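Student: This is the structure alone, sequence omitted:
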């Protein structure tokens with residue numbers, strides 16, 4: 001396996017547990033205990049995926065996540081945020097910083113590895129050229145704001161419906177909560193029913209085979225699954 005993972009974690013027990021899980025699964029692992037070391041390893045080693053704890057001795061892991069997203073050539077590297085905090089506000093901050101997934105400690109190594117594998121698989125399947133996102137037979141063009149599926153062009157979505165589909169596909173297979181979607185697309189977290197209505201309208205307008213990829217996860221939110 002050629003993939004490598006940068007693990008930025010200052011807690012010895014958690015670092016040892018995750019390092020053992022990653023190396024046991026065949027990944028090359030780079031270890032850092034502080035933000036500065038993490039950034040230096042990221043720019044030097046160009047890992048396939050980054051795992052960052054929020055609470056680090058020299059600052060917040062969210063700052064490192066934001067810095068990675070601003071990198072000119074490797075800004076799309078998948079990032080998993082680790083934290084012991086389950087507060088909605090902290091989760092929203094993590095996703096706003098550009099995280100692809102937010103995992104609560106303590107977590108089982110098997111679950112952790114599943115997310116690592118899923119995010120790396122998404123990178124492999126994502127073929128982005130300019131403003132285009134490709135997921136299987138679905139092609140989403142941000143510049144023209146058109147969607148193509150099996151040769152059919154879908155041009156009749158509202159701006160909000162288009163953005164919602166793009167966001168779900170971009171973050172797949174991550175489950176996106178209603179509050180998170182509201183914070184990203186509506187800049188509020190108070191009217192959950194708005195998301196349900198737009199998801200329903202989006203499914204109705206899409207070809208059934210494409211609409212079936214948008215799954216509802218009871219009590220959690222929505223995801224796009226290939």
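Tutor: Ah, there it is. Everything numeric here is computed off the predicted structure, so don't read it as measured data.

Student: element containing residue 201, please.
Tutor: helix 193-205 (DSSP states H and E).

Student: So which residues make contact with the helix or strand following that helix?
Tutor: Using DSSP H and E, the helix or strand that follows helix 193-205 in sequence is helix 208-211. By Cβ atoms under 8 Å, 6 or more residues apart in numbering, the residues outside helix 208-211 that reach it are 138, 149-150, 202-204. Placement of C-beta: from N, CA and C, glycine included.

Student: tell me which of these is nearest to residue 219?
Tutor: Closest approach to residue 219 among the contacts of helix 208-211 (Cβ to Cβ): residue 203, at 19.2 Å.

Student: What count of nearby residues applies to the closest one?
Tutor: Number of residues near residue 203 (other Cβ atoms under 10 Å) recorded here: 17.

Student: Now do it against residue 168, distance only.
Tutor: 11 Å (Cβ to Cβ, to the nearest Å).

Student: do residue 140 as well
Tutor: 10 Å.

Student: quick one, which of those two is more surrounded?
Tutor: Neighbour totals were compared for residue 140 and residue 168, and residue 168 leads with 25 against 22 (other Cβ under 10 Å).

Student: measure the closest residue to that one other than its chain neighbours to residue 97 for me?
Tutor: Closest residue in space to residue 168, ignoring its immediate chain neighbours: residue 224 at 4.1 Å, by Cβ to Cβ, 6 or more residues apart in numbering. Distance, residue 224 to residue 97, by Cβ to Cβ: 22 Å.

Student: Right, I'll leave it there.
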